[in-house]
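**Q** turn this into a structure:
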Amino acid sequence: MKKRKSSLAVGFPTIVNILVLLVFACVSMLSLSRAQADHMAASHAWDVTYGYFAADQQAQMLLGTIESAVALEPSLAGVEMESLLNEQGIAARYDPDSQIFSFTLPADEAGTLSVSLHLLEPGSYEIVSWQLVPYETE
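**A** Numbering: from 1, shown residues only. As a prediction, this is how the structure comes out:
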C-alpha cells in the first residue's frame with residue numbers, strides 16, 4: 001500500500017502566505033497613518049507661516065502709513081501715530097516717558113506680531129522689537 005502525504009505540506013505554505021499578507025497590510029496601514037500625520041503637520045506649518053508673513057506685510061504697510069507722522073517731534077509723533085492706527089482698528093500704544101510706540105497684529109494660528117519702535121529725533125525711529133508671540137497652549 002502506498003502512504004498518502006499529509007495535507008500539512010499544502011496547509012503550512014498557505015498559513016505562511018496569509019501571515020505575510022497580514023504583515024504587509026499592517027505595514028501599509030502604519031505607512032498611511034504616518035503620511036496623514038505628516039500632511040497635517042505640513043498643513044499646520046503652512047498656516048502658521050502664512051499667518052506670520054501676512055501680519056509682517058501688514059506691519060510693513062502700517063510703517064509706511066505712519067511714516068509722515070515720524071517727521072514730527074517724538075512726543076507729537078507718538079500721539080499722531082497712535083491715533084492713526086487706532087482709527088484703523090489696530091490697538092496701538094505710545095509711552096511718552098520712554099518714547100516707545102508699540103502695536104500688535106493678529107497672525108492667525110501663529111499668534112500675535114508685536115512691534116515696538118523707539119522714536120528718536122524728528123524723522124527717525126529705531127525698531128526695538130519685531131517678534132511673534134505665540135498663543136498660550138492650555
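
**Q** contacts, neighbours, all on C-alpha from now
**A** OK.

**Q** check which helix or strand R93 maps to.
**A** R93 is part of strand 92-95, with elements assigned from DSSP states H and E.

**Q** same question, L113
**A** Element membership for L113 (DSSP H and E) is strand 112-119.

**Q** how about that strand: buried residues?
**A** Residues of strand 112-119 classed as buried under the neighbour-count rule (16 or more other CA atoms under 10 Å) are 112-119.

**Q** picking up where we left off before, so for the strand holding R93, mean pLDDT?
**A** For strand 92-95, mean pLDDT rounds to 91.

**Q** contacting residues for the closest residue in space to S116 that isn't next to it in sequence?
**A** Nearest residue to S116 in three dimensions, chain neighbours excluded: S102, at 4.1 Å (CA to CA, 6 or more residues apart in numbering). Shown in contact with S102 (CA atoms under 8 Å, 6 or more residues apart in numbering): 92-94, 114-117.

**Q** one more pass at 6 Å, please.
**A** S102 makes contact with 92-93, 115-116 under the criterion CA atoms under 6 Å, 6 or more residues apart in numbering.

**Q** report the helix or strand with the lowest average pLDDT across the chain.
**A** Every helix and strand of the chain was ranked by mean pLDDT, DSSP states H and E. The lowest is helix 67-70, at a mean of 83.

**Q** show me what that one is packed up against.
**A** Contact here means 3 or more CA pairs under 6 Å, 6 or more residues apart in numbering; DSSP states H and E; on that basis helix 67-70 packs against no helix or strand.

**Q** any chance you could map the helices in the protein?
**A** Along the chain, counting by DSSP state H, helices occupy 8-65, 67-70, 74-87.

**Q** quick check: mean pLDDT of the last one?
**A** When pLDDT is averaged along helix 74-87, the result is 87.

**Q** who touches it?
**A** By CA under 6 Å, 6+ apart, helix 74-87 touches 66, 69-70, 92-94, 119.

**Q** ok, back up a step: averaging pLDDT over each of the helices of the chain, which comes out lowest?
**A** Across the helices of the chain, the lowest-scoring stretch is helix 67-70, with a mean of 83.

**Q** how much space between I127 and S116?
**A** 6 Å (CA to CA, to the nearest Å).
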